[in-house]
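[1] Next come a sequence and a model predicted from it.
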Amino acid sequence: MSAPTSDRAGVRQTLRALKADGWKPLWVDYRDGEDEEVPCTKERETVEAVMQVDDAFLVVEHTETKERGWVRFVMGNEPDEVVCDYTVKLEGPALKAMFERWNA
């Protein structure tokens, strides 16, 4: 997996890296003042929900520990900058390796 060539590819690669570390999507939060949360459990629907806006938070849960974390996606920059921020607990081996490939 190389650096993404589109925002959509960056979101998809991030979901796959999180899945490899045992994280699953729960919902996408648009934080638009109306607390709109879009439930998402599958990759395709999660990517579509994130791509509906310019700025979205993805809430994830670890399949074993049930800990939760989030990733903030911001569209419109370079595709390898689509991940704007995330909770540190998500920085497992797969996500770290993904960022290393993106920044190579």
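    Looks like it arrived, so ask away.
[2] Please list the residues outside the lengthiest helix in the chain that contact it.
    Secondary structure assigned by DSSP state H gives helix 7-20 as the longest helix of the chain. Judged by CB atoms under 8 Å, 6 or more residues apart in numbering, the contacts made with helix 7-20 from elsewhere in the structure are 1, 4, 24-25, 43, 46-47, 50-51, 58, 60, 71, 73, 75-76, 79-80, 82-83, 90, 94-95, 97-98, 102. Placement of C-beta: from N, CA and C, glycine included.
[3] What is the helix or strand of the chain with the lowest mean pLDDT packed up against?
    Using mean pLDDT, DSSP states H and E, the weakest-scoring helix or strand in the chain turns out to be strand 37-39, at a mean of 90. Packing partners of strand 37-39 (3 or more CB pairs under 8 Å, 6 or more residues apart in numbering; DSSP states H and E): strand 23-29.
[4] Just the C-alpha atoms of the strand it packs on, please, in CSV.
    Extracted C-alpha coordinates of strand 23-29, given in CSV (Å, rounded to 0.1, in the frame of the first residue of the first chain):
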residue,chain,number,x,y,z
TRP,A,23,-10.5,-1.4,15.5
LYS,A,24,-14.0,-1.3,14.0
PRO,A,25,-16.0,1.7,12.9
LEU,A,26,-19.1,2.7,15.0
TRP,A,27,-20.3,6.0,13.5
VAL,A,28,-19.3,9.1,11.7
ASP,A,29,-19.9,12.4,13.5
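[5] Across the sheet, point out what pairs with Val28.
    Partner residues in beta bridges with Val28: Val38, Leu58, with DSSP bridges as the criterion.
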